[in-house]
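In: This is a predicted model, with the sequence first.
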Amino acid sequence: MVEFEQKATARGTVVHWAKDSEEARKIIFSILERREVKRIIKSKVMTSEEVHLNDHLEKAGYHVLENDLGEYIQQLRNEPPYHFVAPCMHLSMKEISDLFEEKLKTAPTDDPEELTMIARRFLRQTYLTADAGITGANFLIAETGMISITENEGNARLTGALPKTMISLVGIEKVLPKMSDLALFLPMLATAGTGQPITCYNTAYAGPRQPGEIDGPEEWHIVLLDNHRTALLADPEQRDALHCIRCGACLNVCPIFKNIGGISYGTTYQGPIGSVITPHLRGLQDWKHLSGSSSLCGACTATCPVKIDLHHHLLQNRRNAVREKPDALEGLAWRLFAKSINKPVVYQIGTKLAKLAQPFHRLISATPLDPMRAWTKTRTAPAMAPQSFKDWWKARHLPRHPTRPTSQTSPTRPPHAPARSKRSIEATNSRELILARIEEALSDTHPQPFEATAAQKRAVLPAVHDLVPQFAANAEFLRAEFHACADEAAAKAKLAELAAKHGWKKIALHRGTLTQAVAPALPTLDATDGYDRFELEACDAGITECDALIAQTGSVFLTARSGGGRALSVLPEHHVVLARRDQLLPDLPAGYELIQQRYGAQWPSLTTLITGPSRTGDIERIIILGAHGPKKLTIILW
């Protein structure tokens, strides 16, 4: 964390430390007030949901607009997100069409892509007029002082490109040691979360606009949020929950989440991981019921890409809640249950009496006299089966088995770490307090510096052997258009052909060796020394160079320098990338190695990995054109 702060600050980023939700909000409000902000756009920010930022901003009179398609739909419905990755996955296409008809006064449609275009038309202008953009982050990179944001639509890229002020609210657990670690974690996040080899846009930000750059925010503030994360770090039994990368895989396999949905949890983080961490973040006694809402099937643990022991942590939360505040009546009930379940005669008599009493239970159901009121005040008590399993088993007339196990083993109980005495922490500010809490939390262990091996990074995705055919196959699979030309003259002819085919009236580009060599003879916005954002948005195509092409994923690697700034590759409707054959690399580790060798400590303020045109799966999980970034991506190689 200290290394991250030093590297980020050295590049002009302002780093703030917030010990809790209230302080995080105060920091953000002070920035907005000083910068005289009125209009705010927000990409997907789970931490802002955690600190209830939108509610406080709107009460203070700010105009706040969510620009992720799913979050925007949920904002129109005045509902929290339903799922980490797909915030409105519970809604049908018709419900979204009806919502747009009611709120945006548009015509009804059953075409999912038309729905995204409706959102695009309404949201595009907000980027051009917003005073501030608020983002989260998937990872913090200590080595470079960067944050990494993963997305499919391009809304976060626009949020970090156009407003004059950028604020990123990030949990302190997101830190990774090295830039090259992204070669492991980005494919892992995409594969576990959505089944993609890699998401459409993976962008690393390294400061506000740097000298010589044409766009990006004048100020960038990163707010590092503790909010009880250090308390979870101090629990050696459950601290691995902080490894969570918010992929949502545990939600996708959880039978409870599938049946009740994300909004039912009533908290920011849903599903198994939410049931584990929410009691730590918001109070064990107030949120202990989440850990009881589990079948303990273990599917969440089995699917977790970072190997969090989720279903055992649910058991540990249950145990800790009882130990912290025992309930005498509940304890008596469990003791009576234990005695009756271990005495067949008592159990059989109790079962028969329960059947007899069941008709009379309806008379007191959900009233203060009902012993099951905690359940029946919102649900109907399930009816008892007319025949017990034991009776059914007997009726099968199978031979009895006379033998019994000769040995008995006690049930496995989750281990419980002994409580440690806490020393008093003296600190004069939140930074000192959080760092002291981290040091105290890790005083019982000696964490080893993590660095993913080259083999680990290359094992996430299939190996590459034939670069051009594999790049072409991967790019075209993700709806990018790829042309391998014989030479510069053929590339120039291909670009002219594209201009005629798509009816380009005006293009935007930056001055570079390749762009100047093959640019078509059309009215041109030269964005090398700056641009008007409204004029750039009106251009039919943005033509850029790049640093590398990645055959393994069909991706384009570009920076604010090679790509002509932050907005040229994302604001026009068609992005055209020009590259030479010697820029084609086999895999992601090779790409990150090249970027580090090329720039060293002089990182551009933006490094982005582009894989296909903008896309979204927010509407009924159908993969369609996204609501924000370029509608088309074309790569020309020679």
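Out: Arrived safely.
In: Enumerate the positions of stretch 237-251 that are buried.
Out: Of all the residues in stretch 237-251, those buried under the rule 16 or more other Cβ atoms under 10 Å are 238-242, 244-251. Any C-beta I mention is one placed from the backbone N, CA and C, and that applies to glycine too.
In: Let's have those in CSV, adding secondary structure and distance to residue 545.
Out: Listed next are the buried residues of stretch 237-251 as CSV, based on DSSP: H, G, I helix; E, B strand; the rest coil; distance: Cβ to Cβ, whole Å:
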residue, secondary structure, distance to residue 545
238, coil, 48
239, helix, 45
240, helix, 43
241, helix, 43
242, helix, 40
244, coil, 37
245, coil, 32
246, coil, 33
247, coil, 33
248, coil, 35
249, helix, 37
250, helix, 41
251, helix, 40
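In: Tell me the one of these nearest residue 496?
Out: residue 247 (43.2 Å; Cβ to Cβ).
In: pLDDT added to the buried residues of stretch 237-251, as JSON lines?
Out: As requested, the buried residues of stretch 237-251 are exported to JSON lines (pLDDT from 0 to 100):
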{"residue": "238", "pLDDT": "96"}
{"residue": "239", "pLDDT": "95"}
{"residue": "240", "pLDDT": "95"}
{"residue": "241", "pLDDT": "97"}
{"residue": "242", "pLDDT": "97"}
{"residue": "244", "pLDDT": "97"}
{"residue": "245", "pLDDT": "97"}
{"residue": "246", "pLDDT": "95"}
{"residue": "247", "pLDDT": "95"}
{"residue": "248", "pLDDT": "95"}
{"residue": "249", "pLDDT": "96"}
{"residue": "250", "pLDDT": "96"}
{"residue": "251", "pLDDT": "95"}
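In: Now distance to residue 208 too, for these, in CSV please.
Out: Shown next, in CSV, are the buried residues of stretch 237-251 (distance: Cβ to Cβ, whole Å):
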residue, distance to residue 208
238, 37
239, 34
240, 35
241, 33
242, 29
244, 29
245, 26
246, 26
247, 29
248, 31
249, 34
250, 36
251, 35
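In: Now residue 572. Nearest residue, chain neighbours left out?
Out: Leaving aside its sequence neighbours, residue 572 sits nearest to residue 542 (Cβ to Cβ, 6 or more residues apart in numbering; 3.8 Å).
In: for residue 454, same thing?
Out: Spatial nearest neighbour of residue 454, chain neighbours left out: residue 589 (6.3 Å); criterion: Cβ to Cβ, 6+ apart.
In: how many neighbours does that neighbour have?
Out: For residue 589, the neighbour count with other Cβ atoms under 10 Å is 22.
In: circling back to that earlier point, is the residue nearest to residue 572 in a helix, a strand, or coil?
Out: Of the three states, residue 542 takes strand under DSSP: H, G, I helix; E, B strand; the rest coil.
In: Okay, and the beta partners of it?
Out: Per DSSP bridges, the residues bridged to residue 542 are residue 508, residue 575.
In: how close does it sit to residue 59?
Out: 39 Å (Cβ to Cβ, to the nearest Å).
In: next one: residue 276
Out: Distance, residue 276 to residue 59, by Cβ to Cβ: 31 Å.
In: okay, those two: which has more neighbours?
Out: With neighbours defined as other Cβ under 10 Å, residue 276 and residue 59 compare such that residue 276 has more, 29 against 8.
In: Nearest the geometric middle of this protein, what residue?
Out: residue 246 (5.0 Å; Cα atoms, centre = their mean).
In: Could you verify my assumption that that residue touches residue 139?
Out: No. Assessed by Cβ atoms under 8 Å, residue 246 is found out of contact with residue 139, at 10.5 Å.
In: Quick check: what element follows the strand or helix carrying residue 168 along the chain?
Out: According to DSSP states H and E, residue 168 maps onto strand 165-171. Heading C-terminal from strand 165-171, the first helix or strand you meet, by DSSP H and E, is strand 175-176.
In: which neighbours does that following strand have in its sheet, and in what orientation?
Out: strand 139-141 (parallel).
In: which other residues reach the partner strand?
Out: Here strand 139-141 makes contact (Cβ atoms under 8 Å, 6 or more residues apart in numbering) with 4, 146-148, 170, 174-179, 181-182, 185, 204.
In: Residue 390: which of those residues is nearest?
Out: Taking Cβ to Cβ as the measure, residue 390 lies nearest residue 185 of the contacts of strand 139-141, at 51.1 Å.
In: List phi and psi for the closest one.
Out: phi -80, psi -30 (degrees, to the nearest 10).
In: Tell me the pLDDT of it.
Out: Note on residue 185: pLDDT of 95.
In: now residue 12
Out: 95.
In: And for the one 5 residues further on?
Out: Residue 17 carries a pLDDT value of 98.
In: Pretty sure it sits in a strand.
Out: Yes. The assignment for residue 17 by three-state DSSP puts it in a strand.
In: Can you give me the buried ones in stretch 352-369?
Out: Buried residues in stretch 352-369 (16+ other Cβ under 10 Å): 365, 366.
In: Which residues does the one helix or strand residue 148 maps to contact?
Out: Taking DSSP H and E as the criterion, residue 148 maps to strand 146-151. With Cβ under 8 Å, 6+ apart as the test, strand 146-151 has contacts from 8, 43-44, 68, 135-141, 156-157, 160, 168, 170, 179, 182, 186, 189-190, 199-206, 222, 603, 607.
In: Counting only helices, which of those make the cut?
Out: Residues of these located in helices (DSSP state H): 8, 156, 157, 182, 186, 189, 190.
In: ok, for the first one, nearest residue in space, not its chain neighbours?
Out: What that stands for is residue 8. Nearest non-adjacent residue to residue 8, counting by Cβ to Cβ, 6+ apart: residue 145, 3.4 Å away.
In: Was I right to think that neighbour contacts residue 14?
Out: No. Using Cβ under 8 Å, residue 145 is not in contact with residue 14, being 11.8 Å away.
In: the more surrounded of these two?
Out: Neighbour count, other Cβ under 10 Å: between residue 145 and residue 14, residue 145 has more, with 23 against 15.
In: Enumerate every residue touching the more buried one.
Out: Residues near residue 145 by Cβ under 8 Å, 6+ apart: 4, 5, 6, 7, 8, 9, 10, 11, 13, 206, 207.
In: would you turn those into JSON lines with neighbour count and distance to residue 534?
Out: JSON lines is the format used below for these (neighbours: other Cβ atoms under 10 Å; distance: Cβ to Cβ, whole Å):
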{"residue": "4", "neighbour count": "26", "distance to residue 534": "36"}
{"residue": "5", "neighbour count": "20", "distance to residue 534": "37"}
{"residue": "6", "neighbour count": "12", "distance to residue 534": "38"}
{"residue": "7", "neighbour count": "21", "distance to residue 534": "35"}
{"residue": "8", "neighbour count": "25", "distance to residue 534": "31"}
{"residue": "9", "neighbour count": "14", "distance to residue 534": "34"}
{"residue": "10", "neighbour count": "11", "distance to residue 534": "34"}
{"residue": "11", "neighbour count": "19", "distance to residue 534": "29"}
{"residue": "13", "neighbour count": "24", "distance to residue 534": "28"}
{"residue": "206", "neighbour count": "26", "distance to residue 534": "27"}
{"residue": "207", "neighbour count": "23", "distance to residue 534": "26"}
